[in-house]
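**Q** Sequence below, structure please.
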Amino acid sequence: MLNFCPDWERKLMAPELRQQFEEKLTSMPDAESFYLLTTFANMAMARSDPADRSFVHAATLDLFQVGFLSSATQDSCSKTARVLLANITSRHPLLLSDVLYKLQDNFTQAGKLSLYLFKELPLHLWKPTEQDLCIVSHWLLECPPSSIENQLARQILSQLNWGCEGPGAHGGELALPLELHQRVAILVVEAALRFVPETVAAGMITESVKQVSNLASSMVRPQSIEHAFSLWTWETVARLRLHILDQPEHVVWTAMANPAVAFANVPDMDSDIRLEVIVGGVKDRQPIASYVAALATTWGHSVPLICTKGFNQLQILLCHYKYDAILTVLQFYIPLFLNCEESLIECDRFISVLISLIMADRTYMKMAKNLIVPEFPGPVLKRFETMIESQMMNYRRYSLVSPCPLVRLWLLSLSQVPDWTKEPSVTYLMDVVLRSAFFHADATEMAFCILKQLHQNVTGSKHGGAISSFISWVASGSAHAVSLLPRASSPESPWFAYFVLEMEQELIEERTGLWREVLRELAVASGKANVDQAVKKAVHNLKIPTLSAASLSIYRWSQQALDTPLDHPLLPLLWQKFFTLFLARVPSASGVPNRGGVGDKFFEGMINLSFHKKLKKRLQDATEHYRAKSISDSVQAEEAAEDQLTDTLHQQQEPSTEKKIWYTECSKLFRTFGLWLEEPRLHEPSLFLPALPPQYNSNKLAALLQGNVTPWFEYMDYTKVREDQCAALQEWEVTHFRTEDHRLKVPVLANAEDSTEPDKRILKRLQSYDSPVPPPPLRPVKPVMPVVTNEMLCNRGTVLDSLKTSFKTLLDYALSYSLHVSEHTALDCNFLELVPQLYRDVELEVVLHAACDSEPHTRRGNATYCAGPAAIRLKICEARRNEGNEHLIEQNRREFESILSRAMQPPPQKVCASSVYIEHVIRLLESEFERHKSTQNADTATKLHDVGVTLFYHIITLYNDESAFYPPSKQLLTTCIETLGQVFVCGDEGQCMRLLGTVIQQPHLGGVLGPHFTPAVASTPTFLQMYKTVVETVYQQPAELSFVLLSKFDITRWLVSRRPRLSERSQFIELVGKALTAAGLNPEDEILILHEVFRKHIRQLLLHDFPEHYGEVLNLVLRGSESQNLSLEVWFDVLNALMSGEGEILAPPRRLRSGQNLGRVKEEARNYATEQKMLTYQEV
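**A** Below is the predicted model:
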């Protein structure tokens, strides 16, 4: 390529040329310098011919020089150069070695920028050479941990690919050779021993603090440089694949098939000189050296050496609380003992390590914390669980067809812990093991065999059969059976409880015949059944020691089902086991008729009945739980269906639908269980299954009644089991860096040698992207309210028709509300009547026997003989519950709750929409009327006014007791009446008479319509006509309504503004006189307020244009007095008005009043006659 200049490399690296290039580069704008450097990088990436290696090497080092070594350009070009170098080395990983050599010679210039560079470089693609490792080793061992060189060495080692190159975490081959793993392990141990040697802490509190620190090391920020270095060393050795069983799968298969050949090349601690550092660390009891020795050498591969040397190293790790490291080692040790399990089980060192791990969470700090907030399982036990789960899930990795051998080994190992049945941590780990065994037939069968053997060991019988084993654990005479379950149930270990309960049911009840005999005794028992007596008779018949009723399997299965969480996958099978016993038929000889079942008799009595209610409540909770899950899952499915944009999302919807169906079936199953628990007919001999309703699930019921004990796996949530197992496996692999790292994916680089045209490459690139998502379909939205046009508003028929449906909806709901309130009130009244009758007094006669308490001899020595105890009869009253009334009260409260729940529901949407539409129409009508009225558009305004008045009176007809009883409808109607009245009725002379007639016809609307009655705006004839109407009905209407109407007649204003003629005023005086005489001589108290108003009106007429009406008023008063129909107060009002003069029209002083002294009256009359100036002598 550059043959025309064979010495191009020397000239290219000439200092003068380099300086010119850097000066030009610094003088360029950022965009141009980026373009130039990117061009160099693309040229390098486009070369794949080995002959072009020199050019690629030169371009790479140029970028490194410009970005990181040159002081003039590193500030502006380091970021760009870092990205470009990452792209080049992704295509040519060998260049990483060249960059490392260059950096070694110029580390001072690069400084801290080297950390950023190597963080970006694809070190996972790099296979370091011997020289590369020497450089990294020098930086790690010779530079202090705080130096940049040491930090860079740690960063490089951490970013190398210590995993496999094939698919999965253990597929293909190791990305880096095993020898490099071993050498790096030795290097890390040497660095740890040099910079951060560990010592054993002393003191209880110090131990607890250090243990917590070790457990949380991955979550807590380092406290110092040494702490950070120590964390890095442990993290790095955890990444390395040092054990043969940590290699790719084909290597592990070979090792399990032929260990001697596979372990031949494993380093020997006694002969391999490379392990000198490890040997020294082990002698100094350094945990990291012990960890590497336990994994990388023969001490961790040969079974005899593991039992002697390997477990010794684990004990050293225990002294330093390196529980995670111990679990990592055990993960690889346990499979090596599959063919020699006795060697492991009988190894005291292993048992000691196992006990320490189980007890690890019980630190003093942890125990103090548990007093406040209990936490189980603890972090170490949880990590132990994930390790066991990883082995169970990866059983094929150890050349096994099922996890059966692993299950057996772990069960036997955990059972070696002293008093393991009383240790919750052991049962928790066994629960994990048995969960995996449950789904493999051979593992399940083997687990039952081991548990039976363990049960025999616990009961003290190692050589007898099942019957002798049963007799041995009851031989002491205790009524409580010895069990592998530490308590009545084990909610934190349901799988363990399932296996143990089934095993103990078979040994204790089925093989001995105890269960069948108990059923027979309960069946033949007369009167109220007693389970304890039935059990005693059964064990007596079978000639076995006494057993308590609480130890029966039916109670133990029910207790376990009661305590197991609702979402546990095993819960349906626990209830199946319970109902298998609950619905069991009483055994009968061949040819003898079916005797039915006695399951309900197990729950008679106060204690058992209370337990029965708990079971019923738990089944209801389970039914509701799965019903809610089915609804929730359905909602999620609908949301996914609405939001799906691709076929992938559509495919994700299918499992959700399937899961919803499964939740629904589980809900139906638990509802069926609840029916079985409550239905007494199921225990009757004459039970006819086809006659049962479908809710009873006759098929499943028939299977139970026929003794079919096949588990109903279709109701087990196997998906959740797999999710939990995969989550545990994922947690373990993530913690130990055994997952595929997405950072290790090789970036997809454009083929720089592509010869196609640029425009074609661009189009090809665009076509490689996903197609744009089409726009969502347009969904027409129906308007909530109909459209209201101006033409509609001008036609009263159209407006009323459009509002007819809305008014009907509103009034129907108001009526419904009124009925609900009435029903509610009736229920409360009925409840108040029933409560006093809940208890009734029952007279009982009680006989007490009182014996003599005398001395054997009297003082005279005569013997005293007792004739027998005296019978004392007492009559007492006992309060007994009236069961009939109690049922009625419960029914009453159920109906009450039903009504209350309906009342708490928000009103339907159509009611809200109707209310809004009515208000909307009235608001539009008001605004349009005001607009046309202001623009002098009289024709349209008149039409709108006509519509408004019509609508006003139409709403008045709708306002009744039912509509006013519902507060929202009352508020809406009154608001509409007020709005329409203020705009269209109030102040309109033409509406005064009609409105008055409406008020008089419907007195209950007086408070609503009264504010809109304005007689002052009417003409004098209309005014008089309305006043006459009021006078004619004033005493027939409620006083409050009449007062409201009378108070609207402002007489003073009418006289001043309308100036009525003399005849019209005379007519008014006649109307007032008619009203006063109608009240009588002594008006009743109810109409006094109205009488006062009429007296006020007569005073105002008397004093208006005085003495125009003096004669008329006087004549009126005289006529009334003559007929004895006029109150005396009217005379006093007239006389006081005359005495007060014209200036006191509204409130004249009462100089004369009833009951006044006669002399005082004469004096006031004499004074008036001499002082008055209103009348002449002739007028007087």
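**Q** now stretch 1115-1130, how far from the centre of its chain.
**A** Stretch 1115-1130 sits 84 Å away from the centroid of its parent chain (Cα atoms, centre = their mean, to the nearest Å).
**Q** Now tell me what touches it from outside.
**A** 1069-1070, 1073, 1076-1083, 1091, 1095, 1098, 1131, 1134, 1154 (Cβ atoms under 8 Å, 6 or more residues apart in numbering). Yep, even glycine has a C-beta here, placed from its N, CA and C like the rest.
**Q** what about Ile872, which SS state?
**A** strand (DSSP: H, G, I helix; E, B strand; the rest coil).
**Q** what do you get for the one 3 residues further on?
**A** Three states are possible here, and by three-state DSSP the one that applies to Lys875 is strand.
**Q** Just list whatever residues bridge to it.
**A** With DSSP bridges applied, Lys875 shows beta-bridge pairing to Glu845.
**Q** Show the pLDDT at it.
**A** According to the prediction, Lys875 has pLDDT 85.
**Q** Could you report the neighbour count for it?
**A** Applying other Cβ atoms under 10 Å, we find 8 residues neighbouring Lys875.
**Q** same thing with Arg241?
**A** 24.
**Q** got a list of what it touches?
**A** Arg241 neighbours (Cβ under 8 Å, 6+ apart): 162-163, 174, 178, 181, 247.
**Q** Neighbour-wise, which one of the residues you listed leads?
**A** Neighbour count (other Cβ under 10 Å) singles out Gly163 as the most crowded of these, with 24 neighbours.
**Q** how close does that residue sit to Leu275?
**A** Going from Gly163 to Leu275 by Cβ to Cβ, to the nearest Å gives 24 Å.
**Q** And Thr363, by the same measure?
**A** 34 Å.
**Q** on that earlier part again, which two of the contacts of Arg241 have the greatest separation?
**A** For those, the maximum inter-member distance is 12.7 Å, found between Gly163 and Leu178 (Cβ to Cβ).
**Q** re the thing from before, now intersect the contacts of stretch 1115-1130 with the helices, please.
**A** When DSSP state H defines the helices, the subset of the contacts of stretch 1115-1130 inside them is 1069-1070, 1073, 1076-1078, 1091, 1095, 1098, 1131, 1134.
**Q** Now the buried members of the residues you listed.
**A** Buried subset of the ones in helices among the contacts of stretch 1115-1130 (neighbour count, 16 or more other Cβ atoms under 10 Å): 1069, 1073, 1076-1078, 1091, 1095, 1098, 1131, 1134.
**Q** Can I get the ones in helices among the contacts of stretch 1115-1130 in CSV including distance to Thr1033?
**A** Formatted as CSV, those follow (distance: Cβ to Cβ, whole Å):
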residue, distance to Thr1033
Ile1069, 20
Glu1070, 17
Gly1073, 17
Leu1076, 16
Thr1077, 16
Ala1078, 11
His1091, 16
Arg1095, 19
Ile1098, 20
Trp1131, 27
Val1134, 26
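**Q** mind putting the buried ones among the ones in helices among the contacts of stretch 1115-1130 in a markdown table, distance to Arg91 and pLDDT included?
**A** Below are those laid out as a markdown table (distance: Cβ to Cβ, whole Å; pLDDT from 0 to 100):
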| residue | distance to Arg91 | pLDDT |
| --- | --- | --- |
| Ile1069 | 119 | 78 |
| Gly1073 | 120 | 78 |
| Leu1076 | 118 | 76 |
| Thr1077 | 121 | 77 |
| Ala1078 | 117 | 75 |
| His1091 | 113 | 73 |
| Arg1095 | 115 | 78 |
| Ile1098 | 117 | 77 |
| Trp1131 | 125 | 76 |
| Val1134 | 123 | 75 |
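**Q** residues in contact with stretch 674-681?
**A** Contacting residues not belonging to stretch 674-681 are listed as 579, 582-583, 600, 612, 615-616, 619-620, 623, 682, 687, 695-696, 701 [Cβ under 8 Å, 6+ apart].
**Q** Which positions in that stretch come out as buried?
**A** Neighbour-count burial for stretch 674-681, counted by 16+ other Cβ under 10 Å, picks out 674-677.
**Q** mind giving me the domain split of this protein?
**A** 20-160, 618-671, 783-850+868-985, 1050-1180 (automatic domain parsing).
**Q** Please tabulate the ones you listed in TSV, including the columns distance to Pro418.
**A** What follows is the domains of the chain, written out as TSV (distance: least, Cβ to Cβ, whole Å):
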stretch	distance to Pro418
domain 20-160	42
domain 618-671	36
domain 783-850+868-985	55
domain 1050-1180	98
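**Q** most packed of these?
**A** Greatest average neighbour count among the domains of the chain goes to domain 20-160 (a mean of 17), per mean count of other Cβ atoms under 10 Å.
**Q** what mean pLDDT does that domain have?
**A** 90.
**Q** ok, now stretch 281-294?
**A** Across stretch 281-294, pLDDT averages out at 96.
**Q** For it, buried residues please.
**A** By 16+ other Cβ under 10 Å, the buried positions in stretch 281-294 come out as 281-282, 285-294.
**Q** first vs last residue of it, how far apart are they?
**A** Start-to-end span of stretch 281-294 (Cα to Cα, to the nearest Å) is 12 Å.
**Q** what's that stretch in contact with?
**A** Outside stretch 281-294, the residues touching it (Cβ under 8 Å, 6+ apart) are 185-186, 188-189, 192-193, 197-198, 200, 233-234, 237, 242, 269, 275, 277-280, 299-300, 309-310, 313-314, 316-317, 319-320, 322, 325, 329.
**Q** let's see 7 Å
**A** 185, 189, 192-193, 197-198, 233-234, 237, 242, 269, 278, 299-300, 310, 313-314, 316-317, 320, 322, 325, 329 (Cβ atoms under 7 Å, 6 or more residues apart in numbering).
**Q** Filter the residues you listed down to the buried ones, ChimeraX style.
**A** To isolate the buried members of the contacts of stretch 281-294 in ChimeraX, using 16+ other Cβ under 10 Å:
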select :185,189,192,193,198,233,234,237,242,269,278,299,300,310,313,314,316,317,320,322,325,329
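**Q** and Ala185, that one's in a strand?
**A** No - counting by three-state DSSP, Ala185 is not found in a strand; it is helix.
**Q** Thought Leu240 was touching it, still the case?
**A** Yes - if you go by Cβ atoms under 7 Å, Ala185 and Leu240 touch, sitting 5.3 Å apart.
**Q** Could you list every helix and strand in contact with the host helix or strand of Gly884?
**A** Of the helices and strands defined by DSSP states H and E, Gly884 is found in helix 883-903. Secondary-structure packing of helix 883-903 (3 or more Cβ pairs under 7 Å, 6 or more residues apart in numbering; DSSP states H and E): helix 796-834.
**Q** okay, the angle between the helix it packs on and helix 883-903?
**A** Angle between the axes of helix 796-834 and helix 883-903 is 150 degrees (criterion: axes from the mean of the first three to the mean of the last three Cα atoms, to 10 degrees).
**Q** Show me how far helix 796-834 is from its chain's centre.
**A** On Cα atoms, centre = their mean, the centre of helix 796-834 falls 37 Å from that of its chain.
**Q** who touches stretch 167-176?
**A** Identification of contacts with stretch 167-176 by Cβ under 7 Å, 6+ apart yields 127, 160-166, 241, 247-249, 397, 733, 738-740.
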